[in-house]
Each structure stands twice: as structure tokens, then as C-alpha cells.
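1. structure here, sequence nowhere to be found:
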């Protein structure tokens, strides 16, 4: 009910740091319910009496996503009825091709497989900012959507001219244009495009330009948020920490593609687990890197990453037409803190206080020793 919430601070873009939308208490409540928090607390002392040291760690964050100042997109329909999308946001494996194709397809009225996406090619679009700060869907996605909507308006005008109907009465679906209420009038978009070309017999009835370029500006960032909860077990003899369960309750606004969002979070959590338990740069007293190869630098494997329970909350942002917030970095933000808190909780009897990561077996054993008074 307090949203938008003014923190009284200034964000790095110079704008007031005001949380746009979200429900932080709901995210916490649902995460605790999913992990079985009350049941675990009731069982925890009994487990300790059996020599089983388990703990729950909670970490939450609010992150500014969708950093501006702009991103651009060009969308056009070619003579075959195919749609081409070009944007300055360069994919690093986040699934841009899928997400942007889906946005353009929805806005125009084609299927995603009819859309070709071009990333970061100055021959296709001259200017762009790039991919960072969980900004691609928010800024570039909004530009793609707006450009595609403009192209749809041009297609509707051309189809209306061809079928002697008002542009507002034209529907476009599955790559075909038809008069609303008269599905048998459907014609493919390729014919619509070709009908706008001039002939020897007559000039074009409409402009044969089915292209639109938009450079979308954002007023400031959108604020994504999440609560991570880790359930862990610590072997006090060896110092080995084992993740038993992991829950993420997150809000990235309107979800464009659930599979892409899930993948972003799964990968981010795996990376965060690496930072919390395994990955560490080690230097000697002369500043020489000692963990310079994978023989000395540990990364999590499939056996170290538990099944991750995801809870999707959708509180659309008011700062872009799609209502979306960023998600790309969210999975990696919280795991080290959630893991550290879970280890502290598991080793509460030893008065352990975690101040650094990763929590390697040696480091955990030293924490227990220190907690026992040396």
C-alpha cells in the first residue's frame, strides 16, 4: 500500500530512488511457507540433539534494473511477410532472440518463428547502448514493442486499402490480415506488403514503408526484488556445508517468457552458490595469483546445486508500457548472504559469526574452533 515508496535517496542516474511497485512482505511470507520455516524451527533442536546441524538463512534485496538512458530498435516487414528486429542490446546468452521475437510477434500479429532478431549490428541499427544492469527487456524490449506497434499500424492501413475497410477494422493474427468479424477475408502479410508497391498501372495507394525505428528512453530504473531462503546442513567434523533446499520468491514485473526467466534465476543462483561456497581468488604475500586454473579454483557442479523452488510474483512496473522489470542479475545477488546466514543458524550453539566467503570446509572448521574459544 506504500508503493511507490520514496527512500529519500538518489539513484546513480541522478533521479530520486523511489521503489515503483512490489510487495516485499508477500515475497517473504511465500518464501518462508515454501521452505517450511515453522516446521523446521519446531524440529531444529531435536535434530541438534541427534548431532545434525541444520540452519535456515534468509536474504532479500531490491535492485535497480533497466538502466537508461535509452536503447533502440528497428522493426520491419519484408516482401515475404517476415519480420526483422534489430536492436543495439547485444545478447550474451540471455535469450534475447526469443524474448524480442515474442514481443514483436505479439505486437504485430505473427508467430515468433516468423521473426528474425539481429543484435548489435550497426549496419542494421546505427546506435545502441548495450547489455548490462538487467536492462535489455526493460529498455530494448520496450523499444521493440513500440516499433512493432507502429509497423502494425502501417500494415493495417495497407490492408484496409486493399480490402476496402477502415484500418481500425483490420485484425492481424498468425501472419494474416482480415476484416474484423470476417475471417474468410484473411490474406497473408506478404500480399499486404506487395499491394503497397507501385505498378505500371497505378501508383501505390499507401506508402510502401513497413519500417519503424524507436529509441526508447526511460525516466529512471525499475526496482526488481526477491527473497532467497536456503536450508543447509553442516558437518561439524569436516566443515562440509550441504545445501538441502533453496527457495526464491521474486518479482520482476510482468513476465514475458517464463522459461527465460526461470533459466536466468537458476543460472544466477548456481553462480551465487559458487560465490558462497567454492569460488575464491587466492593471492600470496607478493600479490601473485595462486588460483589461476580450474585445478585451484572450484566451481559448483550439478551435485552442489539443489532443486530450486521458484515463486513468481508479478507487480507490473509503471515506468514502461510493458510493466516489466529486470531479472538477469537477481539470482546471483542473494545466495552468498543466504548461505552465510544459514551456516550461522546451523552453528548457533558455537556462536559462529560469518564475515567472509566462500565457506570452504577449512573456513567453517576454523569458525567452529573460534566459536569454541580456540
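-> Done, it's in. A quick note: this is a predicted structure, and the numbers were derived from the prediction, not measured.

2. name the element the residue most central in space within the chain belongs to?
-> The chain has residue 327 as the residue nearest its centroid, 2.3 Å off, counting by Cα atoms, centre = their mean. With elements delineated by DSSP states H and E, residue 327 resides in a region that no helix or strand encompasses.

3. quick one, phi psi at it?
-> Residue 327 adopts backbone torsions of phi -140, psi -10, taken as degrees, to the nearest 10.

4. for residue 277, same thing?
-> Torsion angles, degrees, to the nearest 10, at residue 277: phi -120, psi -20.

5. and the gap between it and residue 177?
-> Going from residue 277 to residue 177 by Cβ to Cβ, to the nearest Å gives 56 Å. In short, each C-beta sits where N, CA and C put it, glycine included.

6. kindly report the same for residue 88.
-> Taken as Cβ to Cβ, the span from residue 88 to residue 177 is 30 Å.

7. same check, this time on residue 255
-> From residue 255 to residue 177 the distance is 29 Å (Cβ to Cβ).

8. and these two? Which one has more around it.
-> residue 177 (26 against 20; other Cβ atoms under 10 Å).

9. over to the more buried one. Which of the three states is it?
-> strand (DSSP: H, G, I helix; E, B strand; the rest coil).

10. what strand or helix carries the spatially closest residue to it that is not a sequence neighbour?
-> Nearest residue to residue 177, sequence neighbours excluded (Cβ to Cβ, 6 or more residues apart in numbering): residue 159, at 3.9 Å. Following DSSP H and E, the helix or strand that holds residue 159 is helix 141-163.

11. centre of the chain versus stretch 121-131, how much separation?
-> 21 Å (Cα atoms, centre = their mean, to the nearest Å).

12. give me the contacts around it.
-> Here stretch 121-131 makes contact (Cβ atoms under 8 Å, 6 or more residues apart in numbering) with 69-74, 84, 86-92, 94, 96, 118, 120, 135, 139, 213, 215.

13. on that earlier part again, list the contacts of the residue nearest to residue 177.
-> Residue 159 neighbours (Cβ under 8 Å, 6+ apart): 165, 167, 170, 172, 177, 187, 192.

14. my read: the last one touches residue 158, true?
-> In this case it means residue 192. Yes - counting by Cβ atoms under 8 Å, residue 158 is a contact partner of residue 192 at 5.1 Å.

15. and the next helix or strand past the helix or strand of the chain with the lowest mean pLDDT?
-> None of the helices or strands of the chain scores lower by mean pLDDT, DSSP states H and E than helix 330-333, at a mean of 89. Downstream of helix 330-333, the next assigned helix or strand under DSSP H and E is helix 335-346.

16. what's that following helix packed up against?
-> strand 53-65, strand 222-234, strand 241-251, helix 258-277 (3 or more Cβ pairs under 8 Å, 6 or more residues apart in numbering; DSSP states H and E).

17. quick check on the contacts of residue 159: which are buried?
-> 165, 170, 172, 177, 192 (16 or more other Cβ atoms under 10 Å).

18. what's the third one in contact with, if anything?
-> The neighbours of residue 172, taking Cβ under 8 Å, 6+ apart as the test, are 108-110, 152, 155-156, 159, 189.

19. top of those by number of neighbours, please.
-> Going by other Cβ under 10 Å, residue 159 tops those with 29 neighbours.

20. could you pull out the strands for the stretch 51-200 of the chain?
-> Along the stretch 51-200 of the chain, counting by DSSP state E, counting those that start in this stretch, strands occupy 53-65, 70-77, 83-87, 115-119, 170-173, 176-179, 182-188.

21. out of these, which is closest to residue 300?
-> strand 53-65 (16.7 Å; Cβ to Cβ).
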